[in-house]
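Q: Structure, please.
(4 chains)
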Number of protein chains: 4
Amino acid sequence: MPGMNMPTSRTKAEFGFIWPVRVYYEDTDAGGIVFYANYLKYFERARTEWLRACEIDQCRLDAEAGLIFVVRSAALDYRAAARLDDLLTIGSRIERLGGASVEFMQEAWRGDELLATGSIRVACVARATLKPVPLPSPVRAALSRGACVDTVLSTVNAQIR
Amino acid sequence: MPGMNMPTSRTKAEFGFIWPVRVYYEDTDAGGIVFYANYLKYFERARTEWLRACEIDQCRLDAEAGLIFVVRSAALDYRAAARLDDLLTIGSRIERLGGASVEFMQEAWRGDELLATGSIRVACVARATLKPVPLPSPVRAALSRGACVDTVLSTVNAQIR
Amino acid sequence: MPGMNMPTSRTKAEFGFIWPVRVYYEDTDAGGIVFYANYLKYFERARTEWLRACEIDQCRLDAEAGLIFVVRSAALDYRAAARLDDLLTIGSRIERLGGASVEFMQEAWRGDELLATGSIRVACVARATLKPVPLPSPVRAALSRGACVDTVLSTVNAQIR
Amino acid sequence: MPGMNMPTSRTKAEFGFIWPVRVYYEDTDAGGIVFYANYLKYFERARTEWLRACEIDQCRLDAEAGLIFVVRSAALDYRAAARLDDLLTIGSRIERLGGASVEFMQEAWRGDELLATGSIRVACVARATLKPVPLPSPVRAALSRGACVDTVLSTVNAQIR
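A: Numbering: from 1, shown residues only, chains lettered A, B, ... in the order given. Here you go, the predicted structure:
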């Protein structure tokens, strides 16, 4: 996509990870704009791809350790509306890496316009009990190390061309 | 809701079960109408309530016998569009009760206007393997007997007043 | 539904409005629980029904005055998980009635167990520009007056029997 | 994604267009698999991207000519289940190009395993009336010409690496 600029008020380096999201009919509502609950889906896709880029395999974590991630809280602010066919960029960074939880700061941009922000706290829990479990140390290490931003950027650039 | 008439071209007796559905923002898209995929949700809600009215407990079936219902095929026709705040009536009947599957004929009405029809084939499968399993005989018996239509109608009437 | 108790830690009078929501397959995810974003849908359904009970007609407001309600912010806390077939009760009350916005406090309960809370700020905007517009005075008056709780409770009681 | 093979029983040339779709939590249900209604979303994303690859701009068509596409019928068969984190390939081709409608044949594959097929008829209608309108001739010409498969494949290959 020519002309997709990064947000001017932030540098790429501020985000641990960026991920593109296209708006389809399924995402919109009768107001003609993206249904606000769907930003939670966009933010989740971005977190999932971030974990994947960090080589954290959620399916294996579930199958082998019985651990899943669940959202404990979400605070969302909506500043401007996205519309059908818009190409959004989701920027994500870790705000706080706790013992059994991770707090993400995420933003949805359209070009250089900030549309929505989310502060999402995710807990690591046992699937069987939904009780919190400390983050396994390889997961913690991978999150601390982060995804390779350059690799991610080149993937994304290929994707949105 | 005053003035909600049943379809004139069919009698109530033709449906094994009817269930009301209200259209909310979440259901609509930027075309200003109900997103077509959501009729599959409406039809599923109606089938679920039908099972409940037949005293078939899907959660117990899963917990005790490891059986779940999955949709094998769906054929949908869209005749007219539903809009925000519309109150729809979903009529359902069993078209064919097979050994390990059930074929439902379902319709969505707004007053006496037919909006959409669906022919949905649901299979009983083992959760672990997703392979077909014969319908347990109490389930088969309950489906054959059907829900008590009078009870259902009175519940629905109370609900849509 | 026998045994559906209201929350013990709060009295019915604390909520301006309550509304029942049933959990269907469409609402759940592979974690076996209700997908967290769907509480935003549940809360919206409850607000919509509240407006209806207050005799505020959103469709007419749009058609006649070009006004729609949009969500400006949402803060959600998740305390316990809902599962397939659960019957939830959504309690809602107005926290603050502003010039062009309304702040709702909403909670999802299963019997006497609090599952999730939401603080949702909704703005009245012009559909064409999405800019804030003061709440029309009949809307403001209706919201101040509130829904008739007794009527609502009897509707809900009929619905969940 | 290493090992993503194209379907063996069909050649790439049979599809006018292929598009990758990743399965996220939002797509799954308590059965642990992709909720069947969501294949309609996947198929729509693929059709939308196909239109884009054909340089048909749906937003401009709506803004300038008041035309939108609506789904008139959908017939879906489900053969195998997709799960969290699966990467699917949606193959699409035009089955019939009518005067005011297009019939698409679409398939969802995981590697060389066919999961679901859909036959989707889409009509071109006036937004105001939802009545059918002949496909504008540039749209018809673009659909007949089709997307440049090689370009699309290279985009997709970049995307799923």
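Q: could you pull out the strands for chain A?
A: In chain A, the strands defined using DSSP state E lie at A:17-22, A:67-78, A:87-97, A:101-110, A:113-126.
Q: Can you add distance to residue C:133 and mean neighbour count and give these back as a markdown table?
A: From N, CA and C alone the C-beta is placed, and that goes for glycine too. Listed next are those as a markdown table, based on distance: least, CB to CB, whole Å; neighbours: other CB atoms under 10 Å in any protein chain shown:
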| stretch | distance to residue C:133 | mean neighbour count |
| --- | --- | --- |
| strand A:17-22 | 30 | 22 |
| strand A:67-78 | 17 | 21 |
| strand A:87-97 | 27 | 18 |
| strand A:101-110 | 24 | 22 |
| strand A:113-126 | 21 | 20 |
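Q: Format those strands as CSV; extra columns: mean pLDDT and distance to residue D:58.
A: As requested, those are exported to CSV (pLDDT from 0 to 100; distance: least, CB to CB, whole Å):
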stretch, mean pLDDT, distance to residue D:58
strand A:17-22, 94, 12
strand A:67-78, 97, 24
strand A:87-97, 95, 14
strand A:101-110, 96, 17
strand A:113-126, 97, 20
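Q: Chain C is nearest to which of these?
A: Across those, chain C has its closest neighbour in strand A:67-78 (4.5 Å, CB to the nearest CB).
Q: Just the C-alpha atoms of the closest one, please, in CSV.
A: The C-alpha coordinates for strand A:67-78 follow below in CSV (Å, rounded to 0.1, in the frame of the first residue of the first chain):
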residue,chain,number,x,y,z
LEU,A,67,-1.7,-23.3,29.9
ILE,A,68,-3.8,-20.7,28.0
PHE,A,69,-3.8,-17.0,28.0
VAL,A,70,-7.0,-15.2,29.1
VAL,A,71,-7.8,-11.5,29.1
ARG,A,72,-8.3,-10.1,32.6
SER,A,73,-9.0,-6.5,31.8
ALA,A,74,-9.2,-4.2,28.8
ALA,A,75,-9.4,-0.4,28.7
LEU,A,76,-10.3,1.0,25.2
ASP,A,77,-10.4,4.5,23.9
TYR,A,78,-12.0,5.3,20.6
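Q: Report whether that strand contacts chain B.
A: No - using CB under 8 Å from any CB of the partner chain, strand A:67-78 never reaches chain B; the gap is at least 14.1 Å.
Q: is that strand anywhere near chain C?
A: Yes - with CB under 8 Å from any CB as the criterion, chain C is reached by strand A:67-78 at A:68, A:70, A:71, A:72, A:73, A:74, A:75, A:76, A:77, A:78.
Q: Contacts only, for the last one.
A: Pointing back at residue A:78 there. A:36, A:39, A:115, A:116, C:70, C:71, C:72, C:73 (CB atoms under 8 Å, 6 or more residues apart in numbering or on different chains).
Q: picking up where we left off before, please identify which of the residues of strand A:67-78 next to chain C is nearest to residue C:51.
A: residue A:78 (19.7 Å; CB to CB).
Q: what's the nearest residue to the closest one if we skip its chain neighbours?
A: Spatial nearest neighbour of residue A:78, chain neighbours left out: residue A:116 (5.1 Å); criterion: CB to CB, 6 or more residues apart in numbering or on different chains.
Q: can you check residue A:96 too?
A: Counting by CB to CB, 6+ apart, residue A:96 lies nearest to residue A:103, which is 4.2 Å off, once chain neighbours are set aside.
Q: Quick check: residues of chain A near chain C?
A: Selection of chain A residues close to chain C by CB under 8 Å from any CB yields A:31-33, A:36-38, A:40-41, A:44, A:68, A:70-78, A:80-81, A:127, A:130.
Q: From chain B, how far out is the closest residue to residue A:88 other than its chain neighbours?
A: Once flanking residues are discounted, residue A:88 sits nearest to residue A:21: 4.6 Å by CB to CB, 6+ apart. Look at residue A:21 and chain B: by CB to the nearest CB, to the nearest Å, they are 16 Å apart.
Q: same thing with residue A:127?
A: 15 Å.
Q: May I have the residues that are in contact with the residue nearest to residue A:88?
A: Applying CB under 8 Å, 6+ apart, the residues near residue A:21 are A:42, A:45, A:46, A:87, A:88, A:89, A:90, A:108.
Q: 10 Å instead, please
A: A:27, A:34, A:38-39, A:41-43, A:45-46, A:82, A:86-90, A:108 (CB atoms under 10 Å, 6 or more residues apart in numbering or on different chains).
Q: and what of residue A:34?
A: Taking CB under 10 Å, 6+ apart, one finds A:21, A:23-24, A:27-28, A:41-42, A:78, A:81-84, A:86, A:88, A:108, A:115-116, B:30 in contact with residue A:34.
Q: measure the residue lying closest to it once chain neighbours are set aside to residue C:15 for me?
A: Of all residues not flanking residue A:34 in the chain, residue A:82 sits nearest, at 4.2 Å (CB to CB, 6+ apart). Distance check for residue A:82 against residue C:15: by CB to CB, to the nearest Å, it reads 33 Å.
Q: Then residue A:55?
A: Distance from residue A:55 to residue C:15, by CB to CB: 47 Å.
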